[in-house]
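# predicted model and sequence follow; I will ask about them next.
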Amino acid sequence: MAFNVQTYTEKFAKELDEQHVKTMVTGYFAGGSFNAEFATSDTVLVAEYDMSGLGDYSREAGYPKGGIAMRKRAYTLPMERGRQFSVDVRDLQTNDLKSGVKELSKVMKTFQKRKVDQEVDAFNLCTIGNSALATNIKPETFTESSTNIVKRLIYDIDKATDAADGEEVIALVNGNIHGHLTASNEFYKYMDVANFAKGKVNTELKTINEAGIVRVDGSRMRTAYNFFNGVDTEEKPGGFAPVKGSGSYNWIILPRSAAQCISVLQRTRVITPEINNDADAYKQGYRRLYGAFVLASDQERIVVSQTA
């Protein structure tokens, strides 16, 4: 059977999405990416519920009347990012079409891991952190000599757990703070280990009071970012960088359902050398839509510690 480039790239796109969720730290909130319901090409529908609470049952009148209102609110994915790459056939060191396309796929996996995952995480965490109400944001600074860092974390985990209604709680901890935590003997007095689902796989996390502790590189835990357009001279390299003077999050703690992170690979178009009119090269397009959403009713369920 002849090798079909389009069929292969469609299958490979699904693998890229699965890898994306698996390797992102915000993959714990990205389960909806696989089954997102789109109203338009860049708008997802998120279910919201409004329910009456219990009332007194009467043996004469029966049940007190109540209702459940379910509506689907449309959220537009705020980020639409992409790149097209050109790879010379000699760089792939093969003249075989199947081998060339598969080798190019390995390159795209590396590109996604090194350049895409960290950008999407940074945007998602910034959005989630900034969505928390001001009353849940405590400016504080920890150093290697801080003696109360574990106690502060436990206090904030318990606060998030109280609002979790029995759901799993995830504590996303800045890598610098995580280093201080794990260097403390106090940390291991409270630490345990448990499995948490992340996309289609289970991961083992350290836990404190049953909350999963996720280490996050500090570059993804800033309060504001610039995302470069990849076209203008000063922005041609693309990617992202923290806004000068922006702060950092020590940690962001929330129940699993308090945030929804949607990230969808829109296209992985491949133009092979025999139909490329510009060069003896493969062209690979990568286009991703993504965003993070926190419902107004969930903002108070997010506990944030921000660097003073």
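The structure has been received and is ready for your questions. Numbers count the residues shown, from 1 in each chain.
# please make it C-alpha for all contacts and neighbour counts, starting now.
Fine.
# Ile170 belongs to a helix, doesn't it?
No: secondary structure of Ile170 (DSSP: H, G, I helix; E, B strand; the rest coil): strand, not part of a helix.
# so which bits of stretch 130-149 are buried?
Buried positions in stretch 130-149, judged by neighbour count with 16 or more other CA atoms under 10 Å: 130-133, 136-137, 149.
# show me which helix runs longest in this structure.
Once the chain is assigned using DSSP state H, the helix that runs over the most residues is helix 5-23.
# next one: the closest residue to Ala163 other than its chain neighbours from Leu265, what distance?
In space, Ala163 comes closest to Arg301 once its chain neighbours are excluded; the distance is 5.5 Å by CA to CA, 6 or more residues apart in numbering. When CA to CA, to the nearest Å is the yardstick, Arg301 and Leu265 sit 30 Å from each other.
# repeat that for Ile157.
Spatial separation of Ile157 from Leu265 under the definition CA to CA is 33 Å.
# looking at those two, which is more packed in?
Comparing Ile157 with Leu265 by neighbour count (other CA atoms under 10 Å), the higher total belongs to Ile157, at 25 against 19.
# nearest to Gln118, of the buried residues of stretch 130-149?
Looking at those and their distance to Gln118, the nearest is Asn130, at 17.9 Å (CA to CA).
# list the buried residues of the host helix or strand of that closest one.
Counting by DSSP states H and E, the element that carries Asn130 is helix 117-131. By neighbour count with 16+ other CA under 10 Å, helix 117-131 contains the buried residues 117-131.
# assess the claim that Ile68 and Gly53 are in contact.
No: with contacts counted by CA atoms under 8 Å, Ile68 stays clear of Gly53, the gap being 9.8 Å.
# what's the burial count for Gly31?
Applying other CA under 10 Å, we find 19 other residues in the vicinity of Gly31.
# who touches the nearest residue to it once chain neighbours are set aside in this structure?
Taking CA to CA, 6+ apart, and ignoring the residues beside it in sequence, Gly31 has Gly199 as its nearest neighbour in space, at 5.4 Å. For Gly199, the contacting residues are 18, 21-22, 27-28, 30-31, taking CA atoms under 8 Å, 6 or more residues apart in numbering as the criterion.
# identify the farthest-apart pair in those residues.
With distance counted by CA to CA, no two of those lie farther apart than Glu18 and Tyr28, which are 12.3 Å apart.
# tell me which of the two has more neighbours.
Under the criterion of other CA under 10 Å, the comparison of Glu18 against Tyr28 puts Tyr28 first, with 22 against 18.
# what does the pLDDT read for the more buried one?
Among the per-residue scores, Tyr28 holds a pLDDT of 94.
# next up, the contacts around it.
Applying CA under 8 Å, 6+ apart as the definition, the contact partners of Tyr28 turn out to be 21, 197-199, 256.
# just put those in CSV and tack on pLDDT, secondary structure and distance to Ser105.
As requested, the contacts of Tyr28 are arranged in CSV below (pLDDT from 0 to 100; DSSP: H, G, I helix; E, B strand; the rest coil; distance: CA to CA, whole Å):
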residue, pLDDT, secondary structure, distance to Ser105
Val21, 91, helix, 17
Ala197, 90, strand, 26
Lys198, 89, strand, 23
Gly199, 80, coil, 21
Arg256, 92, helix, 32
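# and which of those residues is nearest Ala61?
Each of those was scored against Ala61 by CA to CA, and Arg256 proved nearest at 39.6 Å.
# report the buried residues of stretch 42-55.
By neighbour count, and taking 16+ other CA under 10 Å as the criterion, the buried residues in stretch 42-55 are 42-46.
# re the thing from before, okay, angle between the longest helix of the chain and helix 117-131 too, please.
With axes from the mean of the first three to the mean of the last three CA atoms, to 10 degrees defining the directions, helix 5-23 sits at 50 degrees from helix 117-131.
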